[in-house]
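[1] here is my input; please provide its structure:
(one chain, ligands or ions: 2)
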Amino acid sequence: MTMPRVIAVIPAAGVGSRMQADRPKQYLTIAGKTILEHTLDALLTHPSIHSVVLAVSPDDIYFSNLDIKENKRVDVVHGGKERADSVLNGIMHLQHDDWALVHDAARPCVSHKDITALLSLIGDNTVTGGILATPVRDTMKRAAISEDIPHQNQLNVISHTESRTNLWHALTPQLFPAQLLREALQKGLSDGVNITDEASAVEYAGYKVGMVNGSPANIKITHPADLPLAEFYLQQQLEARVACE
Ligand SMILES: Nc1ccn([C@@H]2O[C@H](COP(=O)(O)OP(=O)(O)OP(=O)(O)O)[C@@H](O)[C@H]2O)c(=O)n1
Ligand SMILES: C[C@](O)(CO)[C@H](O)COP(=O)(O)O
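    Numbers count the residues shown, from 1 in each chain. Ligands and ions are numbered 1, 2, ... in the order given. The predicted model follows:
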């Protein structure tokens, strides 16, 4: 089977409100580089990734300061109101037969091992693409009070304990045929479905989506407490790479 082109689509147009920093979190520096540069490096150095389409905010004033803006394998598009809009804008730049590997800019710790494992789904006819995911490890509680973003130190009351059997955290990258994902996102968005990841759109479109067990170190940097943890994982990866040289 000839391998199709795999284009990484990176949504990087968020404001990072939960990080409460002086700039969008993808432009915070850890382990010597911005989070975005770490993420782009991880994808651009993977041998099976052809190029990157990067979605940045129309108001972005930070990307132009990065050397990576000169990289000919990085195409820049404008992001949209929600993450799904940014991803859709990015996919518009892919060719019909491409596969889209969608990966959050806020996940710099992704490993080549996990990317390679996910890419193996391209030849798997039992599913239509798939995602990296990691099994839930904590007991999961449903709060009685519905709160989108729980405030710290607020007292919530437990409604009940959710079963964690077959419960996974969806990670990224998420890998799908570009045309199929484009149509699934357009349908989900136009039907008003809450699309928080690519798989939710592809599931809504009726396809069977694979889940590949990925490293829990592939964290999404969201809150300030995530920064030292991500830095630790990145330093670990660097030391492992140096040891192999
Ligand atoms: N309109 C948006 C919103 C988010 N993202 C990107 O989607 C990824 C995951 O989103 P999230 O972690 O929620 O980032 P933010 O939306 O920036 O964070 P917050 O929700 O705290 O504002 C991030 O790389 C973010 O830059 C995007 O490209 N376009
Ligand atoms: C795509 C994702 O990272 C999978 O867990 C997650 O849904 C992104 O959510 P966010 O609220 O946009 O960070």
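
[2] now do the buried residues in the helix or strand of the chain with the lowest mean pLDDT.
    For the chain, using mean pLDDT, DSSP states H and E, the weakest element among its helices and strands is helix 226-244, scoring a mean of 92. If you call a residue buried by 16 or more other CB atoms under 10 Å, then helix 226-244 has these buried ones: Asp226, Leu227, Ala230, Glu231, Tyr233, Leu234, Gln237. In this view, the C-beta of every residue, glycine as well, is placed from N, C-alpha and C.

[3] do stretch 6-15 as well
    Those would be Val6, Ile7, Ala8, Val9, Ile10, Pro11, Ala12, Ala13, Gly14, for stretch 6-15 by 16+ other CB under 10 Å.

[4] do the same with stretch 187-202
    Those buried within stretch 187-202 under the rule 16+ other CB under 10 Å are Gly188, Leu189, Val193, Ile195, Asp197, Glu198, Ala199, Ser200, Ala201, Val202.

[5] likewise stretch 162-173?
    By neighbour count on 16+ other CB under 10 Å, the buried set for stretch 162-173 is Ala170, Leu171, Thr172, Pro173.

[6] cross those residues against strands and list the overlap.
    Ala170, Leu171, Thr172, Pro173 (DSSP state E).

[7] give the bridge partners for the residue nearest to the second one when sequence neighbours are not counted, please.
    Yep, that's Leu171 we're talking about. The spatial neighbour of Leu171 that comes closest, neighbours along the chain excluded (CB to CB, 6 or more residues apart in numbering), is Leu132 at 4.2 Å. With DSSP bridges as the criterion, Leu132 is bridged to Val212.

[8] for Ile7, same thing?
    Bridge pairing for Ile7 - DSSP bridges - gives Ser51, Ala100.

[9] so it touches Pro177, yeah?
    No. Using CB atoms under 8 Å, Ile7 is not in contact with Pro177; the gap is 11.3 Å.

[10] which residues do these two both contact?
    Residues touching both Ile7 and Pro177 (CB atoms under 8 Å, 6 or more residues apart in numbering): Asp98, Trp99, Ala100.

[11] export those to TSV and tack on distance to Tyr62?
    Formatted as TSV, these follow (distance: CB to CB, whole Å):
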residue	distance to Tyr62
Asp98	28
Trp99	29
Ala100	25
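
[12] check those against Val56 and report the nearest one.
    Proximity of these to Val56, judged by CB to CB, is greatest for Ala100, which lies at 17.3 Å.

[13] and the least confident helix or strand of the chain with ligand 2, contact?
    No. For helix 226-244, no contact with ligand 2 is found by CB under 6 Å from any ligand atom; the gap never falls below 11.3 Å.

[14] list the helices and strands that helix packs on?
    With contacts defined as 3 or more CB pairs under 8 Å, 6 or more residues apart in numbering; DSSP states H and E, helix 226-244 has these neighbours: strand 29-30.

[15] from Tyr62, how far out is whatever residue of the chain ends up closest to ligand 1?
    Nearest residue of the chain to ligand 1, counting by CB to the nearest ligand atom: Gly14, 2.1 Å away. Gly14 is 12 Å from Tyr62, where distance means CB to CB, to the nearest Å.

[16] before we move on, what about Leu167?
    From Leu167 to Tyr62 the distance is 36 Å (CB to CB).
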